[in-house]
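**Student:** Return a 3D structure for these sequence lines:
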Amino acid sequence: MDKFTNGQPGPAQRNRLIGLLETDDSPQEEKPAPSKKEERPGPGRKGEPQPLETPYQKESSDFAPKIKINLNYRPGLVSNQKDPNRFDRERLFSAVVRGSPQALEGLLEYLRRNSKFLTNSEYTDAKTGKTCLMKALLNLKNGRNDTIPVLLEIDQKTQNPRPLVNVSCSDCFYRGQTALHIAIEKRSLEMVKLLVENGADVHARAHGEFFRKKKEGVYFYFGELPLSLAACTNQLDVVDYLLNNPHQKARLQEQDTQGNTVLHALVMIADDTEENTKFVSSTYVEILKAGVKLDPTCKLEEIVNYDGLNPLQLAAKTGKVEIFRHIIQREIQEPPYRHLSRKFTEWTYGPIHVSLYDLSSLDSFEENSVLEILAYSSDTPNRYKMVVLEPLNKLLQQKWETFASKRFYFSFACYLSFMIIFTAIAYYQPLRVKPSFPVEFTAGGFLWVSGLIIILLGGIYLIFAQSLYLRRRRQSLKTMCSDSCIEILIFIQAFSLLLSAVLYGASSENYVAVMVFSLLLGWVNTLYYTRGFQRTGIYSVMIQKTIMRDLLRFLLVYMIFLFGFAAALVTLMGDAPSVSHNKSLAPLESSGSHAMYGGLLSVSLELFKITIGMGDLDFQEHARFRYFVMLLLLLFVILTYILLLNMLIALMSETVTDISGYSKSVWKLQRAIAILEIEKAWLWRQGGKRRSGCFMSVGLNKKDERWCFRVEEIKWTDWAKDVGVLKEEPGSTNDSELNPEGWFIHLEKPLQGAGLDVCLGQSLIFLMVSRTLQDLWRT
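**Tutor:** Numbering: from 1, shown residues only. The predicted structure is shown next:
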């Protein structure tokens with residue numbers, strides 16, 4: 001226990017007291033008051049981040065009320081005389097902005113004398129919590145600021161209970177950001193080393209709104225951690241130092257508030273551009289290699305975030321094609337790191353490459369696999385681009401050829417038989433007889449009852465299967481309408497069929513309309529099975545995209561025009577007499593308040609006929625405002641028949657052209673969805689899950705067993721680059737210097753599908769030509 005001396009607390013009690021309460025030595029007349037000129041958020045600016053550092057605005061002094069004590073207070077002694085050695089925030093911040101250590105002389109003595117610390121609120125920005133150390137790091141000159149070592153030294157000598165180096169921003173936008181984050185963002189390895197040597201926390205999380213991923217607004221998500229920030233800003237030297245420094249080593253397994261590691265963060269910042277892909281891919285591999293050096297047993301790529309996604313699954317979920325391609329096709333040749341590969345080349349012969357691909361997290365045998373993400377995540381962009389990458393392309397092809405195609409065609413035959421029976425039952429239904437119909441004990445009656453039982457059981461199966469499908473997808477209404485349109489129609493078809501059976505059992509004649517509606521949907525839903533054929537599968541996608549993307553928007557605008565013009569014409573023509581083509585007959589009296597074409601429905605129908613070119617403009621002849629009605633009709637024709645219909649045609653043409661550019665990929669995605677549905681269908685799961693590939697060892701010197709899938713690829717482009725350039729060893733130095741560019745033969749793109757002997761023959765011919773040209777050059 002500390003002893004009190006002369007009635008004063010000891011050092012330990014004093015530090016604890018100062019840690020709770022701050023001191024204040026400013027004269028009474030200099031007490032800071034909120035500035036009226038201080039910028040306030042204006043209308044519409046709520047939620048916008050304030051600049052952390054700007055030369056056009058001073059730091060805020062609008063501090064929350066706080067109790068402070070003055071240790072220099074003496075009863076009876078009142079002095080308003082200013083202390084010339086006093087350091088306030090303006091003087092301190094001015095010194096660090098200039099980078100002048102001389103301006104900080106006397107700061108340590110002043111802080112000790114007044115029991116103050118550099119982390120006191122009076123030395124921070126009231127809005128953001130920015131400290132003088134952050135201010136200095138934000139004003140580096142050539143990567144340096146000579147006041148930073150001085151500030152750190154002063155803070156240590158004052159025995160600050162809250163070390164300045166680890167104080168973070170306190171506002172909602174920049175919360176959690178420390179001086180180390182700023183030093184990394186400023187790309188200053190020297191400052192990073194200085195901060196870490198002075199106890200900076202290498203696992204501090206910057207988790208404010210500015211550092212969170214969101215749908216709209218300005219943000220910079222980098223994984224919150226200093227290591228992730230260094231990796232996402234392509235600073236491998238900083239990454240290496242944070243992992244291997246002797247003071248506090250950063251942990252590669254560390255996760256942010258979303259559960260993301262540094263590998264997740266790299267996937268998040270990928271944008272599929274060439275330059276970004278190059279640095280993200282190389283940094284990703286270097287992080288994996290560093291993990292092997294630090295902990296050979298750690299499997300970084302198997303760590304999942306709080307959404308249950310590892311880096312590979314996250315790349316598939318977010319549609320990052322290039323980083324996804326790099327991960328699944330990564331091949332590292334260095335022996336110490338070869339086990340980090342996901343691709344292992346078995347052998348090559350000419351342009352043919354035979355490789356083994358790691359199926360972990362890819363095959364649908366595993367839960368939440370990449371195949372399931374691509375098939376069932378309707379909001380995932382670029383799905384059709386990723387599903388055609390190897391090994392996914394060959395994996396889906398193998399699944400289709402081994403079992404899925406047989407089951408798909410069998411399902412198609414069953415559904416077609418079901419629809420034929422349903423059509424026959426509906427066609428031979430005695431519509432003029434009130435249900436329920438008596439059953440005759442004849443061959444025809446037996447077939448009738450058998451058909452009813454079949455369509456009833458078929459309806460029960462369809463509604464049960466589609467319920468499981470929609471439950472498994474768990475989509476929002478928007479994605480469900482855009483990606484599961486046919487599945488919803490099948491569900492409605494089955495529900496209508498069962499409803500018609502209930503109405504039939506209740507002896508209601510309304511069952512006919514419901515049954516016919518179900519029959520119509522049944523034949524429309526046959527389009528689902530077109531995805532099993534490449535030539536027809538793309539058309540169902542085009543129809544679905546055209547309806548959801550173009551036709552619905554057209555109908556919305558058209559209905560507005562139709563209702564508006566119909567209401568106007570009904571008002572103008574409400575008292576018009578009926579049209580009488582026989583002059584000798586008296587005009588028919590109007591039955592009701594409206595004359596011929598006077599109802600809103602009838603006028604809307606006439607306008608619709610005009611839209612499709614089947615209408616007649618004669619019905620306006622007996623209107624009270626004949627010419628005005630004619631003007632409205634002409635305007636309606638211009639807006640709908642000329643404008644809207646041509647816009648619809650143009651939009652539909654653009655949609656079809658857009659989809660046609662990647663039609664094969666879209667078809668393969670549709671077929672992949674069908675394959676996974678067959679795998680998960682309860683009718684086919686009685687034999688258990690199927691696992692593709694083979695379990696084998698890919699380690700050369702150590703045991704490394706994985707489930708792999710063998711893929712044969714033909715790479716004409718890469719092979720042509722290697723074979724197409726033939727260089728000769730010059731016979732002498734003089735010969736080699738005759739042509740500065742060297743003698744070479746560049747093979748243009750070989751004929752795809754040509755044999756190896758043809759390509760070698762081409763090479764020999766070009767070689768002979770090159771030698772002839774060489775002799776001519778020497779001559």
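
**Student:** drop to CA atoms for contacts and neighbour counts, all remaining ones
**Tutor:** Noted.

**Student:** Flag every buried residue along stretch 414-429.
**Tutor:** For stretch 414-429, the neighbour count (16 or more other CA atoms under 10 Å) marks 415-416, 418-419, 421-423, 425-426 as buried.

**Student:** Show only the entries of these found in helices.
**Tutor:** Among the buried residues of stretch 414-429, DSSP state H puts 415-416, 418-419, 421-423, 425-426 in helices.

**Student:** if I look at residue 346, how far off is residue 220?
**Tutor:** 42 Å (CA to CA, to the nearest Å).

**Student:** Tabulate the ones in helices among the buried residues of stretch 414-429 in a markdown table, adding columns for pLDDT.
**Tutor:** Listed next are those as a markdown table, based on pLDDT from 0 to 100:
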| residue | pLDDT |
| --- | --- |
| 415 | 92 |
| 416 | 94 |
| 418 | 93 |
| 419 | 93 |
| 421 | 92 |
| 422 | 92 |
| 423 | 92 |
| 425 | 87 |
| 426 | 86 |
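
**Student:** Quick one: mean pLDDT for stretch 538-552?
**Tutor:** Mean per-residue pLDDT for stretch 538-552: 82.

**Student:** which residues sit against it?
**Tutor:** 481-482, 485, 527-528, 530-531, 648, 651-652, 655-656, 659, 663-664, 666-667 (CA atoms under 8 Å, 6 or more residues apart in numbering).

**Student:** What is the neighbour count of the nearest residue to residue 248 once chain neighbours are set aside?
**Tutor:** Distances taken as CA to CA, 6 or more residues apart in numbering put residue 202 closest to residue 248, at 7.0 Å, once the chain neighbours are dropped. The tally of other residues near residue 202 (other CA atoms under 10 Å) stands at 22.

**Student:** same thing with residue 638?
**Tutor:** Around residue 638 there are 13 residues (other CA under 10 Å).

**Student:** do the same with residue 607
**Tutor:** 25.

**Student:** can you pull the pLDDT of it?
**Tutor:** 85.

**Student:** Check what contacts the helix or strand harbouring it and list those residues.
**Tutor:** Under the criterion of DSSP states H and E, residue 607 resides in helix 600-611. Outside helix 600-611, the residues that touch it by CA under 8 Å, 6+ apart are 562-563, 566-567, 569-570, 597, 615-616, 637, 640-641.

**Student:** Where helices are concerned, which of these count?
**Tutor:** 562-563, 566-567, 569-570.

**Student:** among those, which ones are buried?
**Tutor:** 562-563, 566-567, 569-570.

**Student:** quick one on the thing from earlier: show me which of the contacts of helix 600-611 has the smallest pLDDT value.
**Tutor:** residue 597 (52).

**Student:** Tell me the secondary structure of residue 692, please.
**Tutor:** coil (DSSP: H, G, I helix; E, B strand; the rest coil).

**Student:** same question, residue 354
**Tutor:** strand.

**Student:** Which strand residues bridge it?
**Tutor:** Beta bridges link residue 354 to residue 347, residue 712, judged by DSSP bridges.

**Student:** Next, the contact list for it, please.
**Tutor:** Shown in contact with residue 354 (CA under 8 Å, 6+ apart): 345-348, 710-713.

**Student:** Tabulate those (JSON lines), appending pLDDT and neighbour count.
**Tutor:** Formatted as JSON lines, the contacts of residue 354 follow (pLDDT from 0 to 100; neighbours: other CA atoms under 10 Å):
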{"residue": "345", "pLDDT": "88", "neighbour count": "14"}
{"residue": "346", "pLDDT": "86", "neighbour count": "13"}
{"residue": "347", "pLDDT": "84", "neighbour count": "10"}
{"residue": "348", "pLDDT": "84", "neighbour count": "13"}
{"residue": "710", "pLDDT": "90", "neighbour count": "19"}
{"residue": "711", "pLDDT": "90", "neighbour count": "18"}
{"residue": "712", "pLDDT": "88", "neighbour count": "16"}
{"residue": "713", "pLDDT": "84", "neighbour count": "14"}
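
**Student:** where does the most centrally placed residue in the chain land on pLDDT?
**Tutor:** For the chain, residue 318 is the residue whose C-alpha lies nearest the centre (CA atoms, centre = their mean; 3.2 Å). pLDDT for residue 318: 92.

**Student:** In three-state terms, how would the closest residue to residue 418 other than its chain neighbours be classified?
**Tutor:** Excluding its sequence neighbours, the residue lying closest to residue 418 (CA to CA, 6+ apart) is residue 455, at 6.5 Å. What three-state DSSP gives for residue 455 is helix.

**Student:** could you pull out the strands for the chain?
**Tutor:** Along the chain, counting by DSSP state E, strands occupy 22-23, 68-69, 343-349, 352-358, 694-697, 705-714.

**Student:** related to what we said a few turns ago, what about the nearest residue to the residue nearest to the centre of the chain once chain neighbours are set aside, distance to residue 313?
**Tutor:** Nearest non-adjacent residue to residue 318, counting by CA to CA, 6+ apart: residue 380, 5.9 Å away. Distance of residue 380 to residue 313, computed by CA to CA: 12 Å.

**Student:** Nothing else from me, thank you.
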